[in-house]
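Student: Dropping the sequence and predicted coords here.
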Amino acid sequence: MSFTSDIKNEISKIDHERIETIAELSVILRNSATISDTIKITTENASVARYVFAAIKNMYDIS
């Protein structure tokens, strides 16, 4: 694995405060998303995808 992939894997496993999660989602949306009628996030890293999915579920209380 590359250094970047290792860092992304480590960061996605850390518990964050709500404000930190908002900031991280903001960065991911800004850099990796296409927004039109829907939001499409593109990532090569499965742990980042799982993190985004879980963060959105937790922030908006989606079951």
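Tutor: Done, it's in.
Student: alpha carbons only for contacts and neighbour counts from here, please
Tutor: Will do.
Student: Name the next helix or strand following the least confident helix or strand in the chain by mean pLDDT along the chain.
Tutor: Within the chain, confidence by mean pLDDT, DSSP states H and E is lowest for helix 3-12 among all helices and strands, at a mean of 87. Moving toward the C-terminus from helix 3-12, the first helix or strand encountered (DSSP states H and E) is helix 18-32.
Student: which strands and helices sit next to the helix or strand that that following helix is followed by?
Tutor: Moving toward the C-terminus from helix 18-32, the next helix or strand (DSSP H and E) is strand 33-35. Applying 3 or more CA pairs under 8 Å, 6 or more residues apart in numbering; DSSP states H and E, we find strand 33-35 packed against strand 39-41.
Student: how about 10 Å then?
Tutor: For strand 33-35, the contact count by 3 or more CA pairs under 10 Å, 6 or more residues apart in numbering; DSSP states H and E identifies helix 18-32, strand 39-41 as packing neighbours.
Student: Now do the shortest one: everything it contacts.
Tutor: It stands for strand 39-41. Around strand 39-41, the neighbours that count as contacts under CA atoms under 10 Å, 6 or more residues apart in numbering are 28-35, 49, 52.
Student: Within its local environment, how many residues does residue 24 see?
Tutor: By other CA atoms under 10 Å, the residues close to residue 24 number 15.
Student: Spell out which residues sit in contact with it, please.
Tutor: 16, 18, 30, 52, 55.
Student: what secondary structure does the residue positioned nearest the centre of the chain sit in?
Tutor: With distances taken as CA atoms, centre = their mean, the chain has residue 52 as the residue nearest its mean C-alpha position (3.1 Å). Assigned with DSSP: H, G, I helix; E, B strand; the rest coil, residue 52 falls in the helix class.
Student: Was I right to think it contacts residue 33?
Tutor: No: checked against CA atoms under 10 Å, the pair residue 52 and residue 33 is beyond contact range at 11.5 Å.
Student: hmm, back to that, can I get the contacts of strand 39-41 in JSON lines including distance to residue 42 and pLDDT?
Tutor: Putting the contacts of strand 39-41 into JSON lines (distance: CA to CA, whole Å; pLDDT from 0 to 100) gives the following:
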{"residue": "28", "distance to residue 42": "9", "pLDDT": "91"}
{"residue": "29", "distance to residue 42": "9", "pLDDT": "92"}
{"residue": "30", "distance to residue 42": "11", "pLDDT": "94"}
{"residue": "31", "distance to residue 42": "9", "pLDDT": "92"}
{"residue": "32", "distance to residue 42": "6", "pLDDT": "91"}
{"residue": "33", "distance to residue 42": "6", "pLDDT": "94"}
{"residue": "34", "distance to residue 42": "8", "pLDDT": "95"}
{"residue": "35", "distance to residue 42": "11", "pLDDT": "92"}
{"residue": "49", "distance to residue 42": "8", "pLDDT": "92"}
{"residue": "52", "distance to residue 42": "11", "pLDDT": "93"}
